[in-house]
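# just coords:
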């Protein structure tokens, strides 16, 4: 004997769910590919962050790097200062242009390896702090970002192109909590 319901309202609801799921997902950004490891120069012991002046090599789990086409490498003590630099090249790298960058990497949280900064996902507002306080936490995969967000009380996931100067200022002020 069949025990499930033949209720027409239930059938309409079940038929509607796939469409509702598609509509919900339509407004979301498609998932990026996992952030691939990148091979960029490591900071030397005396390399300092051009944004804050800290010695970068002392914080290997937070290093971010930009490689310019002329071979010059610039290192940062976290993704936040990396983004500050990118948002104000006129201040931090006079005479340089973004189209002269040949490589950008951030150290992803779980594997502690340098990955493509453009493909990484970042969590903000978490209970994990970097050398300069509140930080964008780079993650290599969407699954890592979801796990980190849940495990560390993150407030939001952002992508490379979503990071704004206002967001960075809010992190500095501790207002993204």
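Now that the structure is in, tell me what you want to look at. The structure displayed is predicted, hence computed values, not measured ones.
# Name whatever forms a beta bridge with residue 134.
Counting by DSSP bridges, residue 134 is bridged to residue 129.
# Now do the strands in this protein.
64-68, 73-76, 101-107, 114-116, 121-124, 129-130, 133-134, 137-139, 156-159 (DSSP state E).
# mind listing what the residue lying closest to residue 79 once chain neighbours are set aside touches?
The spatial neighbour of residue 79 that comes closest, neighbours along the chain excluded (C-beta to C-beta, 6 or more residues apart in numbering), is residue 136 at 4.2 Å. C-beta coordinates here come from the backbone N, C-alpha and C atoms, glycine included. Residue 136 makes contacts with 78-80, 83, 122-124, 158, 163, 171, as judged by C-beta atoms under 8 Å, 6 or more residues apart in numbering.
# how does it look with 10 Å?
The contact partners of residue 136, by C-beta atoms under 10 Å, 6 or more residues apart in numbering, come to 64, 78-83, 106, 120-126, 130, 158, 160, 163, 167-168, 171, 176.
# roughly how far apart are it and residue 53?
Going from residue 136 to residue 53 by C-beta to C-beta, to the nearest Å gives 19 Å.
# Check residue 168 too.
Distance, residue 168 to residue 53, using C-beta to C-beta: 17 Å.
# Pick out whichever of those two has more residues nearby.
Counted by other C-beta atoms under 10 Å, residue 168 and residue 53 do not tie: residue 168 has more neighbours, with 21 against 9.
# Least confident secondary structure element in the protein?
Across the helices and strands of the chain, mean confidence by mean pLDDT, DSSP states H and E is lowest for helix 8-26: a mean of 36.
# Excluding residues flanking it in the chain, which one is nearest residue 63?
residue 107 (5.0 Å).
# beta partners of that neighbour?
Under DSSP bridges, the beta-bridge partners of residue 107 are residue 114.
# was I right about it contacting residue 64?
Yes: with contact defined as C-beta atoms under 10 Å, residue 107 and residue 64 form a contacting pair (6.8 Å).
# Next, show the common contact partners of those two.
76, 78-79, 114, 117, 120, 138.
# Assess the claim that residue 118 and residue 104 are in contact.
Yes: at 6.6 Å, residue 118 counts as touching residue 104 under the criterion of C-beta under 10 Å.
# Thank you, goodbye.
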